[in-house]
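Peer 1: prediction below, plus the sequence it came from.
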Amino acid sequence: MKVPRAPSLIAAAAIAVALGADASRAQPATQESSTVLSPQALAEIAQVEAEIDRIEAQSIERLRQPPDNQVQQVELLGKLMLYDKHLSVNHNQACAFCHMPETGFTGPVSELNRTTGSYPGSVRTRFSDRTPQSHAYAPLAPVLHYNPGQGDLVGGNFWDMRATGRRLGNPAAEQAQGPPTNPVEMGLPDIACAVHRASQRPYRALFETVWGAQAFALAWPDDVEQVCARPGPPPSSDPLPVHLSSVDRGRAMATFDQMAQSIANYEVSAEVTTFTSKFDAVLAGKAQLTPQEQQGYDLFRGKAQCNACHRDGGPGEDPLFTDFTASNIGVPANPRLPYYAEGRPDAFGYVANEAGPSFVDGGVGRFLQPLRQPPLSHPSAVDARWRSLATDNRGRFQVPTLRNVDKRPYPAFVKAYGHNGYFKSLKAIMHFYNTRDVLPRCQPHDPGEGTTCWPAPESTENLNTKRVGHLGLSDAEEDAIVSFMQTLTDGFFPRTQQ
């Protein structure tokens, strides 16, 4: 069931937040980024971009004496591409723009997390429909599969599991293939553009050493630069606008796969997926939880039922704090998402959100069988045998790992939680889990929202009522669970690159 909402209020809120304090003097949405991003957001974005450039420069410097081990060579390639802004249509957005180490490889702009919850793409007037997920630990997700015993899809990457890993054998590799041609993210019109851009980068020689001299041996058309400078999506009459021979098209596809596999290999490396939290130290007998942290852990495994989905490991399991299934916990719609206002053509004639303010995110069900509009990128094909599972998965989103859930560069930094970034603190989302079905529904503009009342869920389809909504926790018990989750932040102890 979709819950009725006030479209005009949602659209107005989205536009006002995106525009910041100068909303009343805003220009049409087709204007430059300064009219849709507040000065504070722009300042933070500039800082993040400078840090990306710094990390990329350090990584390029390593090309002077690259590793002599192939595994480390692939990891270096992945890092170089992850921090390469030239793989976006306007040469201005690296993958890392939404996934920086200081925040546990998720959204690094506090002001965007506090307001919109989602991030702008290479075309700065286009915003995503969801908040960025962490890509740390993501390569440890299993290939998406159906478990008939528990009646669940398990695995994959992305909030809606649409990076299945069925083709490449690695969900994280297929996830890496989504953003480059997602119109609201990196915005290239063709995967061949990513390959062409990579062929011009300093890491080309290392790529050819690892993956073969054929990787970039393509006959590029004369207009490739012009084609790749126009934001996607391409017109339906020309879905592959970089016109290549069938052999070169196959070669571009293979190279794009290798680029993605390189990125996934970096994401699973000891630099990203580190297992260096206080919790890991406790498991190794090298640290102890405080009394509050221990109380939180006991509640996590018991009364609060967190461990049912955010598993802390078992025989033969790493403690990844997810079971890789999907659930609808009833997150309210986030009226601050600029995506609600993307229902009209932009300067390139693109409409990101055909449903406009009435958009309801169908989650995994939307990936399996879109009713009105498909996901914004399609890195993996849908197994046709899973179409019948769509109804039972509408409104459901993948259970995220809790590792690094509180990692932030400074205490006042705001992180966004939930598929749409509705929650702005761990305390808030913990209070929601505890009281969703206890507190009354909020009235419009209710000052008690998030404390003494909750808005209706974005969608009530397949709502989880078994483990969410009425946990009976005290305020102190909520705080204790938050304290425990803070022990999952990596960097508590150093790790050698093994």
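Peer 2: In hand now; what should we look at?

Peer 1: what segments of the stretch 101-250 of the chain are helices?
Peer 2: 110-114, 171-176, 191-199, 204-211, 224-228, 246-267 (DSSP state H, counting those that start in this stretch).

Peer 1: quick one: closest of those helices to L82.
Peer 2: Of all the helices of the stretch 101-250 of the chain, it is helix 246-267 that lies closest to L82, at 5.6 Å by C-beta to C-beta. Heads up, the C-betas are built off the backbone N, CA and C, glycines and all.

Peer 1: give the buried residues for the closest one.
Peer 2: 248-249, 251-252, 255-267 (16 or more other C-beta atoms under 10 Å).

Peer 1: any idea of the mean pLDDT in the very next helix or strand once past that helix?
Peer 2: For helix 246-267, the following helix or strand on the C-terminal side (DSSP states H and E) is helix 278-283. Here helix 278-283 scores 97 as its mean pLDDT.

Peer 1: which residues does helix 278-283 contact?
Peer 2: Residues outside helix 278-283 that contact it (C-beta atoms under 8 Å, 6 or more residues apart in numbering): A287, Q288, L289, P319, T487, L488, T489, F492, F493.

Peer 1: format these as JSON lines; extra columns: neighbour count.
Peer 2: Listed next are the contacts of helix 278-283 as JSON lines, based on neighbours: other C-beta atoms under 10 Å:
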{"residue": "A287", "neighbour count": "15"}
{"residue": "Q288", "neighbour count": "11"}
{"residue": "L289", "neighbour count": "18"}
{"residue": "P319", "neighbour count": "18"}
{"residue": "T487", "neighbour count": "21"}
{"residue": "L488", "neighbour count": "23"}
{"residue": "T489", "neighbour count": "18"}
{"residue": "F492", "neighbour count": "17"}
{"residue": "F493", "neighbour count": "15"}
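
Peer 1: and of those, the nearest to A355?
Peer 2: A355 lies nearest to L488 out of those, by C-beta to C-beta, at 36.0 Å.

Peer 1: the closest one against V405, yeah?
Peer 2: Yes. L488 lies in contact with V405 (C-beta atoms under 8 Å); the separation is 6.1 Å.

Peer 1: let's have the contacts of helix 278-283 in JSON lines, adding secondary structure and pLDDT.
Peer 2: Formatted as JSON lines, the contacts of helix 278-283 follow (DSSP: H, G, I helix; E, B strand; the rest coil; pLDDT from 0 to 100):
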{"residue": "A287", "secondary structure": "coil", "pLDDT": "98"}
{"residue": "Q288", "secondary structure": "coil", "pLDDT": "98"}
{"residue": "L289", "secondary structure": "coil", "pLDDT": "98"}
{"residue": "P319", "secondary structure": "coil", "pLDDT": "97"}
{"residue": "T487", "secondary structure": "helix", "pLDDT": "98"}
{"residue": "L488", "secondary structure": "helix", "pLDDT": "98"}
{"residue": "T489", "secondary structure": "coil", "pLDDT": "98"}
{"residue": "F492", "secondary structure": "coil", "pLDDT": "97"}
{"residue": "F493", "secondary structure": "coil", "pLDDT": "96"}
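
Peer 1: residue contacts, the closest residue to E56 other than its chain neighbours?
Peer 2: Among residues not flanking E56 along the chain, Y83 sits closest, at 4.1 Å (C-beta to C-beta, 6 or more residues apart in numbering). With contact set as C-beta under 8 Å, 6+ apart, Y83 has these partners: I52, I55, E56, S59, A94, C95, A96.

Peer 1: thinking Y203 is in contact with L82, fair?
Peer 2: No. Using C-beta under 8 Å, Y203 is not in contact with L82; the gap is 11.4 Å.

Peer 1: spatially nearest residue to L140 (excluding sequence neighbours)?
Peer 2: L320 (6.1 Å).

Peer 1: can you get me a residue count around the one you found?
Peer 2: L320: 19 surrounding residues under other C-beta atoms under 10 Å.

Peer 1: can you report phi and psi for the residue nearest to E56?
Peer 2: Main-chain torsions, Y83, degrees, to the nearest 10: phi -100, psi 20.

Peer 1: what's the separation between it and V48?
Peer 2: From Y83 across to V48, the span is 11 Å (C-beta to C-beta, to the nearest Å).

Peer 1: correct me, but S59 touches G78?
Peer 2: No. Contact criterion C-beta under 8 Å: S59 and G78 do not qualify, at 10.0 Å.

Peer 1: compare these two (neighbour count), which wins?
Peer 2: The residue with more neighbours, out of S59 and G78, is G78; 26 against 20, by other C-beta under 10 Å.

Peer 1: restricting to C-alpha, output the host helix or strand of that one in CSV.
Peer 2: For G78, the host element (DSSP H and E) is helix 70-82. Taking Å, rounded to 0.1, in the frame of the first residue of the first chain, the C-alpha atoms of helix 70-82 are listed here in CSV:
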residue,chain,number,x,y,z
GLN,A,70,49.4,-8.4,-9.8
VAL,A,71,46.9,-8.3,-6.9
GLN,A,72,48.3,-5.0,-5.7
GLN,A,73,48.5,-3.7,-9.3
VAL,A,74,44.7,-4.4,-9.7
GLU,A,75,44.0,-2.7,-6.3
LEU,A,76,46.0,0.4,-7.4
LEU,A,77,44.1,0.5,-10.7
GLY,A,78,40.8,0.4,-8.8
LYS,A,79,41.8,3.2,-6.5
LEU,A,80,43.0,5.4,-9.4
MET,A,81,39.6,4.9,-11.2
LEU,A,82,37.6,5.4,-8.0
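
Peer 1: the closest residue to V351 other than its chain neighbours: how many residues sit nearby?
Peer 2: With C-beta to C-beta, 6+ apart as the criterion, V351 has its nearest non-adjacent residue at 5.5 Å, and that residue is P345. The local packing of P345 (other C-beta under 10 Å) involves 12 other residues.
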